[in-house]
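*Asks:* I'd like to go over a predicted model; first the sequence, then the structure.
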Amino acid sequence: MTQDSTAGATFSPEQLRLLRANHTRRKQQQGQPLGLVRREHAGPAVASSAQQAMWFTYRLLGQDTTDQNTENDLLLPIAIRGPLQTDLIRRAFNEIVRRHESLRTVFKEVDGMPVQVVGPAFDVELPVTDLTGHDEADRDAVVAEHAVAEVLKGFDLRVGPLLRLRLLRLSDAEHVLVIVVHHIVFDRTSAQIVMRELGELYEAYRAQRPPQLLELPIQYSDYAVWEQEFLSGGNLDRLVTYWRGALEGFSGFLDLPTDRPRPATAGLEGGACRLVLSQELSDQLHEFARRSQTSMFVVMLASFHILLGRYANQEDVGVGACYTVRRRPELANLVGFLVNTMVLRGDLSGDPSFQELVRRVGRTTMEGFDHRELPIDRVVQEIQPERISGQNPLFQVMYAFQPEGPVTNQAPEGSLEYEWLEINVPDAQFDLVLILDEEPSGVACTFRYRSDLFDHTTIERLVENYRVLLEGLMDDPDRPVHAVPMMPDSERDTVISSWNRSDSGRTVDHCVHEAIAECAAAHPQREAVVFGSQRLTYSELNRRANKLAHYLRGLGAGPEVPVGVHLNRSAELLIAVLAVLKSGAAYVPLDPDQPADRLAAMVGNNLPLVVTNVRDALPPLPGVRLVDLDAEQPDIEAARDTDPQSGVAPHHLAYVLHTSGSTGQPKGAMITHDALQHHLQWVQSTYPLREDDRLLHKTPIGFDVSVRELLWPLTVGACAVVAEPGAHRDPQALAQTIDDHAVTVVHFVPAMLSALLSASDVAEHTRSLRLVVSSGEALSAQLQQRFHSLLDVPLLNLYGPAEATIDVLHWPTEPGRDLPALLGRPVDDTRIYVVDSALRPVPIGIPGELLVGGAQVGRGYLGLPGVTAERFIPDLFGPAGGRLYRTGDRVRLTPDGNVEFLGRVDFQVKIRGYRIEPGEVESALQEVPCVHDVVVVAREDVPGDMRLVAYVTAAEGTAATPVALRTALAAKLPEYMVPAAYVILDQLPVNANGKVDRAALPAYGSDALALRRTDYVAPTSDAESVLAEIWGALLSVDRVGLDDDFFELGGHSLTATQAVARLRDALEIEIPVNVIFKERTLRAVAAHVARLC
């Protein structure tokens, strides 16, 4: 059931006076008549603009599926108390139908356009359903069930009648009259009129007296004809000019966070959530409106703009607002569809105070209402906003203010009592609708929503956020609106404290190398390291590491001294890392596969020593002492083999790991022993390794996962299996390594995990595995499903930045899950917060940047105090002296406290005004059967032409083409999220740790472009020629080519329906209107037509 409101009635008396004066003066200047007159002849009449728009929606949804096309069917149930005479109710409705032509109007199509056809008066049907046998406790539910059933029957606009009645008998003196009517002939005020006339007619017939109702001066068709005449010439030019300016630069899209991806076709099922503001808060809002010399309409609209802007993280917010067009006395008592909608923008830029925002919204609203005569569908036609299948152009959120409250009893006093009932119909026309009613107990806020986008609990939280926001705005209307609290204290306590209660109670009193030494003392002959055929026992590992540690100490290694480790993956690599730690120094991994210039930048970052056995791979490093393990082996072997007493403590540095910097220079993230030990203690307590476990080390040492792979097994007496150099890029070699060495625990980034699952006999080669860990990139639903279908092993998803010691969130995946993996909950002794751009916590479900605090947060970046200060900030929520790391990752909290990854803050792109997270497009492409792997980026190869480009590798045995991929995505995603180009690659370029190297993605050529017009291609077939002629005539285009897009040529919803009608007349072929919306180009539409010939 749709809602409309008489917005004009919400202005202050002075505002109304000015509006009316301006309107009268303008009409007098233009020589336009102020009154309406009856048409001089009967017969079909033009449909009003509002009816044309609604008729198009009806056609688009499918006119032959009336039971599924009920979104504009209005439910009006009336409780009637007293001794009811059914025949008088029927007789009264017969007279109402006679009086109001709208109720006996149907719609026919002439040249693709709807016309009103008024039928003769008829006897209405009034079936009676006896519900007297139901218990009183069940009565409300039974009444609602029968009422909704009437709505779901739908209407055929071509046949009618568009009014349906049913009387529910509850007892001799209690009935419910169910009225269902199509919105195309009815509105909210019409309900008041029907109630009033029903009461008068019933009492008149009962008393056998003439009804006291005046004949109507005009009918709805007279208004429609007048409106068509008015919207022409200078009037139309003036209104179009205003709305073009008012909506200039407006994207028309509100990026509200949803619980599920937005489908290509909007669902119609919905729900509702209601809040009645306290009398105190309602009074405060009214008083604020009075002091501000504005209306409640404006005050509540401004507050709604804030709520939406905060949720969507947008400063330019637009909503649709309903208003009545019954300003003329001739329309006051007329039943009909006499409402319109306008787009009202809210400008939140500059973080204004609520006082200032109300002034802005007031100006916008006044100007909008002063130009209200242009129907919304004409605004869309003239402005030509970006068309997105499944979404309303210009706005997806509605605002309806009803100052007189819900539909009230307008019947005169008599023998019966009438009361409108509130029965919720589970439908939704928009993403979100706010309906405000002025009730005696306070302002009532009803939020209606699309169930395919939002869970009910999400809207419940939004409603509570709105209440808190309103209270904050009234507490301090001069405060910047983005600083006004939205979370209730309970929710804030949940996200700040309850979900961050991760204190393990553990303390760190020793370093990681000391734990390894303890294992060596306890199990000297146990196998510690395996590399190919090479084996090292704990005793041998400890002895060799001790010797190198003593040697390094003689060269100056010690606490807080960074020492580079430049070795290929081998047993010697593990010995060197352990030796640096034992010397008291911090190890700095230097991957030999890195370019020389990058290695030089890392070493130049305050590294006095570098341990290597591949000296030739290093560039010249002036002032750096190179320790060549091969050349200096005799001296190293001569060193002592006892555990060094370095004086290192948990607060000293353990390692420095370089990450990419925005300037192109690597940044060295500094991690202490305390942070490292906290992480290793957590992972061992939560996902414990056994002494017989064998963990595979395959990650390049330049990435933090390698730290855990190298050290975790050695701290608990397990075995580290070291993969051959280069094996991390070869999934078949990794599968063989797992098999050969009976590996039980392994880590993969998702891209390499996907590759592993494609290896031959993967299940056979991985029988020894008991835990697989994934991190580094988003773990898609498709990859989870593939994994669990092939391997009967737990799959753990981890997340963490290098700056906060490997991983800070964990989530065991769930077999059967059809959504991307969550990041999970914080690890022990770690706190996480999701904040907005001003570092304020955001409510549950709202996207924001992830901050990490607690024991695992590193010191900062080596030698970069300025960058450290930007990314490592004082802890705003935890103990004094703590720090938070700004990850730059865009996430949100789920209702159960898990973190959901949404993308990088800096990966977000804006194309044609729409903000896009490429990860969401990637997820959709990964579900296409022919796609093996994919990455989506925004490219601007031509200045000013930003395009979304998908790089795809095809699944084995399939062929992926740009046309096939675009077609598949068009069925799943809004058009603005469908990439313009698709580059098919043999494999995606990856960097050293197996992640996709976006910088290495090639430019695309014309063969990758989606179907867009480049050169004119003439039609050839009969169907193509007929369509080209129809489109050209409708759109005033001289030449239409096969690759021309209907909407790019200036088409819109009504011209699309006209094209369908003319095609039917020309070829006697009927196609759905949405074929043009979906196929768009002449070539594609003609192909659809040809299949029907």
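*Replies:* Here it is on my side, so go on. Numbers count the residues shown, from 1 in each chain.
*Asks:* Give me the mean pLDDT for stretch 582-591.
*Replies:* Averaging pLDDT along stretch 582-591 yields 95.
*Asks:* so what's the residue nearest to residue 428 when sequence neighbours are not counted bridging to?
*Replies:* Leaving aside its sequence neighbours, residue 428 sits nearest to residue 270 (CB to CB, 6 or more residues apart in numbering; 2.7 Å). Backbone N, C-alpha and C define where each C-beta goes, glycine included. Under the criterion DSSP bridges, residue 270 forms beta bridges with residue 450.
*Asks:* roughly how far apart are residue 270 and residue 481?
*Replies:* From residue 270 across to residue 481, the span is 29 Å (CB to CB, to the nearest Å).
*Asks:* can you check residue 825 too?
*Replies:* Applying CB to CB, the value for residue 825 to residue 481 is 32 Å.
*Asks:* Comparing these two, which shows the higher neighbour count?
*Replies:* residue 481 (25 against 18; other CB atoms under 10 Å).
*Asks:* doesn't residue 350 make contact with that one?
*Replies:* No. Residue 481 is beyond contact range of residue 350, at 10.1 Å (criterion: CB atoms under 8 Å).
*Asks:* what sits against the residue nearest to residue 428?
*Replies:* Taking CB atoms under 8 Å, 6 or more residues apart in numbering, we find residue 270 in contact with 426-428, 448-451.
*Asks:* which of those tops the neighbour count?
*Replies:* With neighbours defined as other CB under 10 Å, the most crowded of those is residue 448; it has 27 neighbours.
*Asks:* Once you drop chain neighbours, what's closest to that residue?
*Replies:* residue 433 (4.2 Å).
*Asks:* Any regions of the stretch 501-650 of the chain where pLDDT drops low?
*Replies:* Across the stretch 501-650 of the chain, the ranges flagged by pLDDT under 70 are 605.
*Asks:* all strands for it, in order.
*Replies:* 527-531, 534-537, 562-566, 586-589, 609-612, 625-628 (DSSP state E, counting those that start in this stretch).
*Asks:* Out of these, flag the one nearest residue 811.
*Replies:* strand 586-589 (27.2 Å; CB to CB).
*Asks:* Please tell me how far the closest one is from the chain's geometric centre.
*Replies:* Averaging C-alpha positions (CA atoms, centre = their mean, to the nearest Å) puts strand 586-589 41 Å from its chain's average.
*Asks:* Just the C-alphas of that strand, formatted as CSV.
*Replies:* Only the C-alpha atoms of strand 586-589 are listed here, as CSV (Å, rounded to 0.1, in the frame of the first residue of the first chain):
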residue,chain,number,x,y,z
ALA,A,586,65.3,-7.1,14.9
TYR,A,587,65.3,-9.0,11.7
VAL,A,588,64.3,-7.2,8.5
PRO,A,589,63.3,-9.6,5.7
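*Asks:* quick thing: my sequence starts at 10, can you match it?
*Replies:* Okay, using 10 as the starting number, the last item reads as strand 595-598.
*Asks:* Mind splitting the chain into its structural domains?
*Replies:* Domain assignment for the chain by automatic domain parsing gives 16-45+233-420+434-504, 54-229, 916-1017, 1031-1101.
*Asks:* By mean pLDDT, point me to the weakest helix or strand of the protein.
*Replies:* Ranked by mean pLDDT, DSSP states H and E, the weakest helix or strand in the chain is helix 22-39, scoring a mean of 48.
*Asks:* all helices of the stretch 860-1009 of the chain, in order?
*Replies:* 874-880, 927-935, 971-979 (DSSP state H, counting those that start in this stretch).
*Asks:* Switch these over to CSV; also include distance to residue 367, mean pLDDT and mean neighbour count.
*Replies:* Shown next, in CSV, are those (distance: least, CB to CB, whole Å; pLDDT from 0 to 100; neighbours: other CB atoms under 10 Å):
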stretch, distance to residue 367, mean pLDDT, mean neighbour count
helix 874-880, 36, 94, 14
helix 927-935, 35, 83, 22
helix 971-979, 42, 82, 18
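*Asks:* Residue 355 is nearest to which of the ones you listed?
*Replies:* helix 927-935 (25.9 Å).
*Asks:* export the domains of the chain to a markdown table and tack on distance to residue 872?
*Replies:* What follows is those, written out as a markdown table (distance: least, CB to CB, whole Å):
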| stretch | distance to residue 872 |
| --- | --- |
| domain 16-45+233-420+434-504 | 34 |
| domain 54-229 | 62 |
| domain 916-1017 | 23 |
| domain 1031-1101 | 53 |
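*Asks:* So residue 254 belongs to a helix, correct?
*Replies:* Yes. Counting by DSSP: H, G, I helix; E, B strand; the rest coil, residue 254 falls inside a helix.
*Asks:* Could you name the helices and strands sitting against the next helix or strand after the least confident helix or strand of the chain?
*Replies:* Heading C-terminal from helix 22-39, the first helix or strand you meet, by DSSP states H and E, is strand 54-55. On a contact count with 3 or more CB pairs under 8 Å, 6 or more residues apart in numbering; DSSP states H and E, strand 54-55 meets strand 122-127, helix 229-239.
*Asks:* Now residue 557. Nearest residue, chain neighbours left out?
*Replies:* Per CB to CB, 6+ apart, closest to residue 557 is residue 588, 3.6 Å.
*Asks:* Assess the claim that the one you found and residue 562 are in contact.
*Replies:* No. If you go by CB under 8 Å, residue 588 and residue 562 don't touch, sitting 9.7 Å apart.
*Asks:* quick one: which of these two has more around it?
*Replies:* Between residue 588 and residue 562, counted using other CB under 10 Å, the more crowded position is residue 588 (31 against 20).
*Asks:* Might you report the residue contacts of the more buried one?
*Replies:* By CB under 8 Å, 6+ apart, the contact list for residue 588 reads 553-558, 561, 620.
*Asks:* Try it again at 7 Å.
*Replies:* By CB atoms under 7 Å, 6 or more residues apart in numbering, residue 588 lies in contact with 554, 557-558, 561.
*Asks:* quick one: residue 608 from residue 597, how far?
*Replies:* From residue 608 to residue 597 the distance is 11 Å (CB to CB).
*Asks:* about what we covered before: how near is the residue nearest to residue 437 to residue 438?
*Replies:* Distance from residue 279 to residue 438, by CB to CB: 8 Å.
*Asks:* Likewise for residue 501?
*Replies:* According to CB to CB, residue 501 and residue 438 sit 34 Å apart.
*Asks:* need the contact list for the closest residue to residue 879 other than its chain neighbours.
*Replies:* Nearest non-adjacent residue to residue 879, counting by CB to CB, 6+ apart: residue 895, 7.7 Å away. By CB under 7 Å, 6+ apart, residue 895 lies in contact with 858, 860, 880, 882.
*Asks:* Pull out the buried residues from these.
*Replies:* 858, 860, 880 (16 or more other CB atoms under 10 Å).
*Asks:* Now render the residues you listed as TSV, adding distance to residue 946.
*Replies:* Converted to TSV, the buried ones among the contacts of residue 895 look like this (distance: CB to CB, whole Å):
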residue	distance to residue 946
858	21
860	26
880	24
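*Asks:* If we only consider the residues you listed, which is nearest to residue 653?
*Replies:* Among these, residue 880 lies closest to residue 653 (CB to CB), at 33.9 Å.
*Asks:* Return the distance of the closest residue to the closest one other than its chain neighbours relative to residue 831.
*Replies:* Closest residue to residue 880 apart from its sequence neighbours, by CB to CB, 6+ apart: residue 895 at 5.1 Å. From residue 895 across to residue 831, the span is 21 Å (CB to CB).
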